[in-house]
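**Student:** Structure for the following, please:
(2 chains, ligands or ions: 2)
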Amino acid sequence: METIGTDVVIVGGGLMGCSAALDLSRKGRSVVVLERGFVGAQASGVNFGLLRRQDRFLPQLPLANRAVEIWHRLENVVGEDCEVEIRGHLRFALDDEDMAVIEDYAAGAREYDFEIEILGGETLRRRWPWLSDRVVGAGWSPDDGVANPRLVTPAYARAARAAGADIREEHEAVEMTHDGGGFRIVTQNGLEVRASIMLNTAGAWSYHVSANFGEPVPLTAIGPPEAVTEPVPYFIEPTIQRVGSPVVVRQVQRGNVIIAGKPRGIADNVTNRAYVAPRSTLANMRKALEVVPSLGSLNLIRVWSGIEAALPDNLPVLGPSLTTPGLFHAFGFSGHGFQIGPAVGVVLSELAIDGRTETPIEPFTMGRFADYEGEGSDA
Amino acid sequence: MAMDDPRVVVVGAGPAGVRAAEALVKHGLRPLVIDEAPLSGGQIYRRPPPGFRRTTKELYGFEAAKAEAIHRTFDGLTDVIDYRPRTLAWNVQDRVLYTACDDVVTPVSFDALLLATGATDRVLPFPGWTLPGVYTLGGSQVALKHQGCAVGRRMVFLGSTPLLYLVAYQYARAGAEVAAVLDTAPFSAKVRAVPKLLSNTSMFVKGLYTMAALHRLGVAIEHGVRPVAVEGDDAVAGLRYRRRGEGEVRIDCDAVAFGFGLRPESQLADLADCDFRFDPVFHQWLPQCADDGRAGEGIYLAGDGARIGGADAAEVSGELAALSLIEDLGGGPGDKARSVELSRRLSSLVRFQAGLAGAFPWPADMARSLPDNAIVCRCERVTAGEVRQAVQRPLGGGCEINRAKAFSRIGMGRCQGRFCGLSSAEISAAAQDRDISSVGRLRGAGPVKPIKLATVLDE
Ligand SMILES: Cc1cc2nc3c(=O)[nH]c(=O)nc-3n(C[C@H](O)[C@H](O)[C@H](O)COP(=O)(O)OP(=O)(O)OC[C@H]3O[C@@H](n4cnc5c(N)ncnc54)[C@H](O)[C@@H]3O)c2cc1C
Ligand SMILES: Cc1cc2nc3c(=O)[nH]c(=O)nc-3n(C[C@H](O)[C@H](O)[C@H](O)COP(=O)(O)OP(=O)(O)OC[C@H]3O[C@@H](n4cnc5c(N)ncnc54)[C@H](O)[C@@H]3O)c2cc1C
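**Tutor:** Ligands and ions are numbered 1, 2, ... in the order given. Have a look, this model is predicted:
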């Protein structure tokens, strides 16, 4: 059996695990990342790519703002162009009631240094004439945008490896123990890793890790439905999102229009398959047409989804374990972890090194589930 | 699972679907038959549009009698089945088939689903294959059979498949100039396959007849060639190719028709959760189904959509799968004696197909030696070099074909990898010096063919 000793062992090579690995390596810590499959092949690699802050839980904004700062200079951070495009995010309303929701949110966001500009229907249609006449107003956040999820996490992993991290793909952590002195992790193919710090970034499989250390969580696997059209000349620059009956539309520069919405589909974290219900595809197609009517003649060519961890309050767990010193959790991002991912990595790195972070993360404490005794969704 | 009024759906009204529907009706069922084409008949027995006046003999040659029988059978069923032409089956989930016609989606729940979806050409790219004037063999045949038009005046036929000789012959008979028939397989492959091919003497004789007829017409036939490139700026002007052990040859032409056998249209089987395995004889991933068509609970596969077997096998397997379905529905023992007889015929036809696969091998080396700048995925304009790059990049799992897709965009376009899937797997396997079966296959996703965004749901 090969044995490695390291400062930090990271279980799960998604965006959270790989961005933490990069920051830790650059700060001189030795790191081993164990990834069951391939880095960035699960939720982090198949998501919609939306980097939006509007509509986030307000106390999450400090984390999200920190992420914006990293996204804007991502190419310098990871050394690869990940198709980051900061072209703004429009959250719009079709009636006054929904408009009030947007205005309320903007007022709250200001407290967290996030400025949302309120635009009226006239202004919107002058600037983006393809928007439906029915749009009455929107919140505009020009510093938000998109990135290509397929490229981001592998780029982080390559940068981390270049900085010294030991990244092991096709290594599944199957035995995990803590014996006062530190952690001992064994993989399915017989690698033993010993470390004083451990990060649980195992995505929709994280509760195996947390339950193993006496912290079961009511985690479920969800599959947000995504759909994409054939390519047409680029015209939808910002990402657009409707309040109330959620649908999000964006166009990639090469031409395809991507549509995301609800309801979340079934994802199976045992067989590792995610399904998109044809009815939800049709419903989201219709909703997209309500806001950009000219898309009607386009063909839809493909749908997809992924396996995302969700918690009952739709907020992640981010912070120390309450049972095991040296263990930190980051999971349960409930459909919105991509945007905050780069900041989560840095926060995890700070927690691992200093045991604390400047970024407020109290709302994401594991303590929310201290009374939970059941098991995760696939148990 | 005995049921009073089971809902049985057949997708495809080619020879397999027609024989299946006939057997279902005979056993008292009233199946729903869905086909995206406006008329029944499938590929080989495709019917011309209304108003076209060519005789069945002119259209179907040797197979005229079989074509007439299939058409007559289906026309006799239309009153006792629920036939929905011009209707695409685009998704299947939780025992519901989603169909679309005129931009209206109708979900159809079923107790048993029989997929008889046929096949398409199996494509292997070479430099210039995306130039206007280059067609697949099947495509050029459809133009001729369905519309009565030729895709070129002076044509080169290229590839490795029995259709190569057949389509060249059909074009020659229709009056096109056939500049050359270029078979990528060495003649020795055909000689070696003779024992297996003799399992179906009449088919074997028809094949020989076609080759001899081309010869009589003075058409040059070459074996063991490799295409170098199609020439031309915005249309085909010629083809450069290499003969075995010799230098390059250039031939003038204004159209090229090429093909390397067929691949099943197995996307619906994929969405219905059928298992897939790599079949070394047919050199592709095939949905797993028993010889009697059973492919999972309530799912049956027949015809070329399950395994390339040709039209006769399609008829046999269609009826056989229907008998299995009837038996499973509990409507009696089916017809055991008939099933046994059909199974026997099917295994002989399958043996013949295995012989054909040997006589017309897939030239995997063409993918391996494809220049970096040649396009592999035409929908997304992805080159062979980009596939190789995706594979060779460290971390992220580009070694697996779905990951290579994530990085290079192969198979992400309108055709969803139906045409580039196998060749990009071949290129990616070669770039890693691995066996093709180890790189996996592109996972299926709905819709199996594009649907309009303005499509509405009807319930
Ligand atoms: C379809 C979809 C669309 C989305 N759209 C957006 C969006 O537009 N914007 C946004 O902000 N967020 C979005 N999200 C959410 C976002 O993608 C996720 O929150 C985020 O990627 C989670 O990252 P992660 O690293 O925690 O998880 P993952 O990327 O799933 O990584 C976890 C990794 O852990 C590995 N692992 C698990 N168990 C073990 C083990 N025992 N040993 C070793 N490895 C293990 C897994 O193989 C996996 O690679 C979307 C998610 C999905 C699925
Ligand atoms: C282009 C082409 C040309 C061929 N020419 C010859 C030839 O000349 N001689 C020969 O012996 N063999 C030929 N073949 C082989 C031929 O496929 C078989 O011999 C025979 O047609 C197979 O019968 P089948 O019933 O399995 O499928 P097919 O005859 O292909 O019938 C399948 C039917 O299913 C329908 N269908 C498929 N998917 C869907 C969907 N998702 N929704 C709705 N409808 C659907 C199609 O419209 C089609 O009508 C050809 C094959 C191709 C692809």
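**Student:** Could you use CA atoms for every contact and neighbour count after this?
**Tutor:** OK.
**Student:** I'd like to know which elements the helix or strand containing A:Ala343 is packed against.
**Tutor:** Per DSSP states H and E, A:Ala343 falls inside helix A:337-354. In terms of contacts (3 or more C-alpha pairs under 8 Å, 6 or more residues apart in numbering or on different chains; DSSP states H and E), helix A:337-354 is packed against helix A:15-26, strand A:50-51, helix A:61-71, strand A:317-320, strand A:327-331.
**Student:** Just give me the neighbour total for B:Arg403.
**Tutor:** Using other C-alpha atoms under 10 Å in any protein chain shown, B:Arg403 has 23 neighbouring residues.
**Student:** Does it touch B:Gly396 like I think?
**Tutor:** Yes: the pair B:Arg403 / B:Gly396 is scored as a contact, 7.3 Å apart, by C-alpha atoms under 8 Å.
**Student:** so what sits against both of those two?
**Tutor:** Here B:Arg403 and B:Gly396 have A:Ala41 as joint contacts, going by C-alpha atoms under 8 Å, 6 or more residues apart in numbering or on different chains.
**Student:** hmm, back to that, quick one, the helix holding A:Ala343 and strand A:327-331 angle?
**Tutor:** Relative orientation of helix A:337-354 versus strand A:327-331 (axes from the mean of the first three to the mean of the last three C-alpha atoms, to 10 degrees): 170 degrees.
**Student:** Extract the C-alpha set from helix A:337-354 and format it as CSV.
**Tutor:** The C-alpha atoms that make up helix A:337-354 are tabulated as CSV, following Å, rounded to 0.1, in the frame of the first residue of the first chain:
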residue,chain,number,x,y,z
GLY,A,337,-22.3,27.0,-5.9
PHE,A,338,-20.5,27.8,-9.2
GLN,A,339,-20.5,31.6,-8.7
ILE,A,340,-19.2,31.4,-5.1
GLY,A,341,-16.8,28.5,-5.8
PRO,A,342,-13.5,30.4,-6.2
ALA,A,343,-14.2,32.3,-2.9
VAL,A,344,-15.3,29.1,-1.1
GLY,A,345,-11.8,27.6,-2.1
VAL,A,346,-10.0,30.6,-0.6
VAL,A,347,-12.2,30.5,2.6
LEU,A,348,-11.5,26.8,3.0
SER,A,349,-7.8,27.5,2.6
GLU,A,350,-8.0,30.1,5.3
LEU,A,351,-9.9,27.8,7.6
ALA,A,352,-7.4,25.0,7.0
ILE,A,353,-4.4,27.3,7.8
ASP,A,354,-5.6,29.7,10.4
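**Student:** does the nearest residue to A:Pro233 once chain neighbours are set aside count as helix, strand or coil?
**Tutor:** Distances taken as C-alpha to C-alpha, 6 or more residues apart in numbering or on different chains put A:Gly255 closest to A:Pro233, at 5.4 Å, once the chain neighbours are dropped. Three-state call for A:Gly255 (DSSP: H, G, I helix; E, B strand; the rest coil): coil.
**Student:** quick one, what contacts A:Gly255?
**Tutor:** A:230-234.
**Student:** Could you pull out the helices in the stretch 151-300 of chain B for me?
**Tutor:** B:162-174, B:187-197, B:201-216, B:267-271 (DSSP state H, counting those that start in this stretch).
**Student:** buried residues in the first one?
**Tutor:** What that stands for is helix B:162-174. For helix B:162-174, the neighbour count (16 or more other C-alpha atoms under 10 Å in any protein chain shown) marks B:162-172 as buried.
**Student:** what about the stretch 251-379 of chain A, any weak spots by pLDDT?
**Tutor:** Along the stretch 251-379 of chain A, segments meeting pLDDT under 70 span A:375-379.
**Student:** Show me which residues of it sit near chain B.
**Tutor:** A:277-278, A:282, A:285-286, A:289, A:295-304 (C-alpha under 8 Å from any C-alpha of the partner chain).
**Student:** Apply the buried test to those and list what passes.
**Tutor:** The neighbour-count test (16+ other C-alpha under 10 Å) marks A:277-278, A:282, A:285-286, A:289, A:295-296, A:298-304 as buried among those.
**Student:** ok, which stretches of the stretch 201-350 of chain B are strands?
**Tutor:** B:221-223, B:226-231, B:238-242, B:248-252, B:255-259, B:262-264, B:276-279, B:284-287, B:299-301 (DSSP state E, counting those that start in this stretch).
**Student:** Any idea which of those strands gets closest to ligand 2?
**Tutor:** strand B:262-264 (6.5 Å; C-alpha to the nearest ligand atom).
**Student:** what's that closest one packed up against?
**Tutor:** strand B:119-121.
**Student:** that older thread, same list (the buried residues of helix B:162-174) but as TSV, adding pLDDT.
**Tutor:** Compiled in TSV, those are given as follows (pLDDT from 0 to 100):
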residue	pLDDT
B:Pro162	92
B:Leu163	93
B:Leu164	96
B:Tyr165	96
B:Leu166	94
B:Val167	96
B:Ala168	97
B:Tyr169	95
B:Gln170	93
B:Tyr171	95
B:Ala172	94
